[in-house]
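Student: Here's my sequence, what's the structure:
(2 chains)
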Protein chains: 2
Amino acid sequence: MKSILIRNILLNGKNTHIRIEGNRFSEIGDSADRQPADTVIDGEGKAIISPFYNGHTHAAMTLLRGYADDMPLFEWLHNHIWVAEAKITPRDVYAGSRLAILEMIKSGTVFFSDMYWDIEETIRAAEEMGIRAAIGVTFMDRLGEEKIRRNFEFLRQWESSELVRLTVAPHAIYTVNKTLLAQCAEIARELNLVLHIHLSETEQEVRDCVSAHGTTPVRWLDSIGVLGANVVAAHAIHVDDEEIAILKERGVTLVHNPASNMKLSSGCFRTKEMLQSGCRIALGTDGCSSNNNLDMRESMKFASLLAKCSYSPETLTVQEIYQWATVNGAEAFGLNAGTIAEGKLADALLIDLNNERLVPGYHLLSDWVYAADSRCIDTVICNGRILMQNGRVENGEEIIFEARKVCEKWR
Amino acid sequence: MKSILIRNILLNGKNTHIRIEGNRFSEIGDSADRQPADTVIDGEGKAIISPFYNGHTHAAMTLLRGYADDMPLFEWLHNHIWVAEAKITPRDVYAGSRLAILEMIKSGTVFFSDMYWDIEETIRAAEEMGIRAAIGVTFMDRLGEEKIRRNFEFLRQWESSELVRLTVAPHAIYTVNKTLLAQCAEIARELNLVLHIHLSETEQEVRDCVSAHGTTPVRWLDSIGVLGANVVAAHAIHVDDEEIAILKERGVTLVHNPASNMKLSSGCFRTKEMLQSGCRIALGTDGCSSNNNLDMRESMKFASLLAKCSYSPETLTVQEIYQWATVNGAEAFGLNAGTIAEGKLADALLIDLNNERLVPGYHLLSDWVYAADSRCIDTVICNGRILMQNGRVENGEEIIFEARKVCEKWR
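Tutor: Numbering: from 1, shown residues only, chains lettered A, B, ... in the order given. The predicted model follows:
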């Protein structure tokens, strides 16, 4: 079991030593440096904080970053994104996932919840690069019976690793029929997996649901028994007060994706009402075709400022949004992580306190949410392994070279 | 006259050579490398773009970054910001301005329009660090007759340098009386200076103006002859259609500060109507007590996504917001800059195309606005002088040390 000792590091405003044994924080305090360690890090001038847990993304879509922007939703999706996506191969998904993971590590993210295709390729990329992931096995009616059958088989036979687990991911209520939704809910409960779904993202989705089923999306899903404490719903913008109460009652986790919602003009997340309801809320970036980056720090600022703009300056404090972006995301996916404490999974960022954006430095969390950028991150640790040190990630150049190469067909 | 030759650099999608003689781009094209130069930069793997021109900030307020957040406006201003500001000395303003300029250079800004106190200190900091600035001589009734007289004297006797010019800066209509506003307008016209003012930032300001003067802020300023092509108005949020038409008619430049407006819950800039009106619009960060950084790249994304969220996904394209943040800001302050072209002032950023956020790289401007962060900036050139290369700025450590020291009294 490998050990890491971080000496003289700032944790919650106090200087201390931190010891990692294997993949856990084993000791925090003055005596943590009594024994030698395989790796010793000098924490002088740095602070340790929790890294990010990205609640909703489509990693491989980094391949379409900047491919189409600034146009109406229908045109963007039908004439550009779907046309381009039709050409994506498994090799592309691998290259795109690696590019995404490189960006995530560099911006301080150690976990992502994904929903896409050719998921073996994204799993391989995550395992190789040492990042945590919850990879959705995506269901849509249009896959056809045979592929759907194989998806269920895949879910049953797959074994979680230390880093990667699967989620059951029915895409949305407008792409998955009632029977299949119920089957997804059933297998998720049976296998104790998270069910990851897009929910109430647009007004259109709500209107269509009312037309088809005579009720709104949250009520519809609840009526067929899908909602439960294992459900993670991305977006949840167009929900009324009673639907918020239902989501809270069922223990559903909501993932707010502020940059994507704003860029696509989807609507405004009801931050104040959601906070009052006591629902667990996590933060996501969504994919690179609608954001166009995977920067959770930036998304914290977007979430917080959008909430202030919609309600008042005291809505969504730095403590609250930091919790959404860290421990809430981790816990929604069953990870005992997201805070720096003995016994927790050893995920951490070392932040360079000598970066000008963290000066004068009255409140580290305020500076982290509102002022920082990825240049402030010196070291990224995931599961007791150093993924970035001094801003360097292994194989970065090769990953970028390969991603450019597979994208030649879209130029 | 010093010369710089940048070889094999990407400019507007094409590979070329760029020659700088003194403070101008003297030649762009295949033959620009025929003669030797004092400094040669290898542009391989980089693109050259215009740096940022920050239309509205309060540089020294970096000292109060993160000092107070997430509270109602009145409490924030009266119980925290003003109390802290009462302790600021000229030495602090110098230290705070240097910290601000360090952050600006690192995030690609080569010009800022400032409004604060002890302006000799900010001028000195800008000159020493080689950045352009338009420094406001701030007027408020509460300064008293003697200080106001000295301000006018200072404006008359001061001579612009290559980098720094002054602006006449009556703070706002609620802090400056009618006579003094008219005097400010007069001296600005006489000395051919920009008049920089906060305008229609909050609903309160509009209500108070209507109570006091029987009309709204833009109409009030217009009625006393203040508005003209030399006026740069920060915020301009709470304006009606007729006021927008007046601003256009008078040739006023508006500075949009999206992060500050959102964080303080001030209201939403009327992006669509402003664009339709044909008004010149520039971009600003506002000060660090209300943003809390000086990152113009981040502010471009905030402006664009806020506009999309308020209107539709096609509102405020990357071309438009990039123009606000560059050439519009430069031109509003009389600078022949903001584009990379022969004869223009030699201000430039060299962007690292091998940064993962700029990959695959279909549209550099889209990646720059939506995906990048300051880590993508390799080199910053201002007025033909290299201020940052390989991400390094001279004296960075000392500036940070000094800024921390003067802030001890606020801890």
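
Student: got the contact list for A:T109?
Tutor: With contact set as C-beta atoms under 8 Å, 6 or more residues apart in numbering or on different chains, A:T109 has these partners: A:51-54, A:131, A:294, A:296. In short, each C-beta sits where N, CA and C put it, glycine included.

Student: so what does the helix ranked longest in chain A touch, helix or strand wise?
Tutor: Taking DSSP state H as the criterion, chain A has its longest helix at helix A:90-106. Here helix A:90-106 touches strand A:109-116, helix A:119-129, strand A:377-382, strand A:385-388, helix A:396-406, going by 3 or more C-beta pairs under 8 Å, 6 or more residues apart in numbering or on different chains; DSSP states H and E.

Student: just curious, which of the contacts of A:T109 is nearest to A:L193?
Tutor: Proximity to A:L193 was ranked across the contacts of A:T109 by C-beta to C-beta; first place goes to A:Y53, at 17.0 Å.

Student: count of neighbours near that closest one?
Tutor: The criterion is other C-beta atoms under 10 Å in any protein chain shown. On that basis, A:Y53 has 30 neighbouring residues.

Student: Confirm that it lies within a strand, as I assumed.
Tutor: Yes. The assignment for A:Y53 by DSSP: H, G, I helix; E, B strand; the rest coil puts it in a strand.

Student: For it, name its beta-bridge partners.
Tutor: Under the criterion DSSP bridges, A:Y53 forms beta bridges with A:F111.

Student: same deal with the one 4 residues further on?
Tutor: With DSSP bridges as the criterion, A:T57 is bridged to A:D114.

Student: so it touches A:L283, yeah?
Tutor: No. A:T57 sits out of contact with A:L283 when judged by C-beta atoms under 8 Å, with a separation of 10.9 Å.

Student: For those two, indicate the residue with more neighbours.
Tutor: Relative neighbour count places A:T57 above the other of A:T57 and A:L283, with 29 against 26, counting by other C-beta under 10 Å.

Student: where's the more buried one relative to A:L193, distance?
Tutor: With the distance defined as C-beta to C-beta, to the nearest Å, A:T57 ends up 18 Å from A:L193.

Student: how many neighbours does the closest residue to chain B within the stretch 51-200 of chain A have?
Tutor: Proximity of the stretch 51-200 of chain A to chain B (C-beta to the nearest C-beta) peaks at A:G66, 3.8 Å away. Using other C-beta under 10 Å, A:G66 has 24 other residues around it.

Student: Check what pLDDT the closest residue to it other than its chain neighbours gets.
Tutor: Computed as C-beta to C-beta, 6 or more residues apart in numbering or on different chains, the closest residue to A:G66 that is not its neighbour in sequence is B:S366, at 3.8 Å. With respect to pLDDT, B:S366 scores 98.

Student: Next: A:E394.
Tutor: Value listed for A:E394 in the pLDDT field: 92.

Student: Also A:V164?
Tutor: Note for A:V164: predicted pLDDT of 98.

Student: hmm, back to that, kindly reformat the contacts of A:T109 as TSV containing pLDDT.
Tutor: Listed next are the contacts of A:T109 as TSV, based on pLDDT from 0 to 100:
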residue	pLDDT
A:P51	98
A:F52	99
A:Y53	98
A:N54	98
A:I131	98
A:L294	98
A:M296	98
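
Student: Same list (those residues) but as a markdown table, adding distance to B:N23.
Tutor: What follows is these, written out as a markdown table (distance: C-beta to C-beta, whole Å):
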| residue | distance to B:N23 |
| --- | --- |
| A:P51 | 44 |
| A:F52 | 43 |
| A:Y53 | 48 |
| A:N54 | 45 |
| A:I131 | 47 |
| A:L294 | 39 |
| A:M296 | 40 |
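
Student: Quick check on these: which are buried?
Tutor: Among the contacts of A:T109, those that count as buried by neighbour count (16 or more other C-beta atoms under 10 Å in any protein chain shown) are A:51-54, A:131, A:294, A:296.

Student: What helix or strand is A:E44 located in?
Tutor: Assigning secondary structure by DSSP states H and E places A:E44 outside every helix and strand.

Student: dump the residue contacts of it.
Tutor: The contact partners of A:E44, taken as C-beta under 8 Å, 6+ apart, are A:7-8.

Student: Same check on A:P258?
Tutor: Remark: with contacts taken as C-beta under 8 Å, 6+ apart, A:P258 is in contact with A:269, A:283, A:299, A:302-303, A:306.

Student: Now for those, which sits with the most neighbours around it?
Tutor: In the contacts of A:P258, the most neighbours by other C-beta under 10 Å go to A:F302, 31 neighbours.

Student: State whether that residue and A:N261 are indeed in contact, as I suppose.
Tutor: No. Distance between A:F302 and A:N261: 9.1 Å, which falls outside the contact criterion (C-beta under 8 Å).

Student: before we move on, back to that, now the contacts of A:P258 as TSV including secondary structure and pLDDT?
Tutor: Rendered in TSV, the data for the contacts of A:P258 read as follows (DSSP: H, G, I helix; E, B strand; the rest coil; pLDDT from 0 to 100):
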residue	secondary structure	pLDDT
A:F269	coil	98
A:L283	strand	98
A:S299	helix	98
A:F302	helix	98
A:A303	helix	98
A:L306	helix	98
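
Student: which one of those residues sits closest to B:C376?
Tutor: The nearest one, if we look at those relative to B:C376 and count by C-beta to C-beta, is A:S299, at 18.0 Å.

Student: Show me which residues of the stretch 151-300 of chain A are close to chain B?
Tutor: Residues of the stretch 151-300 of chain A lying close to chain B (C-beta under 8 Å from any C-beta of the partner chain) are A:259, A:261-265, A:268, A:288, A:291-293, A:295, A:298.

Student: After the helix or strand bottoming out on mean pLDDT in chain A, which helix or strand is next? Please name it.
Tutor: One helix or strand of chain A scores below all others by mean pLDDT, DSSP states H and E: helix A:73-75, with a mean of 86. Along the chain past helix A:73-75, the next helix or strand (assigned with DSSP H and E) turns out to be helix A:82-85.

Student: and the residue of the stretch 51-200 of chain A closest to chain B, what is it in contact with?
Tutor: For A:G66, the residues meeting the contact criterion (C-beta under 8 Å, 6+ apart) are A:292, B:360-363, B:366-367, B:370-371.

Student: Recalculate using a threshold of 7 Å.
Tutor: For A:G66, the set of contacting residues under the criterion of C-beta atoms under 7 Å, 6 or more residues apart in numbering or on different chains consists of A:292, B:362-363, B:366-367, B:371.

Student: Please consider this matter closed, and thank you.
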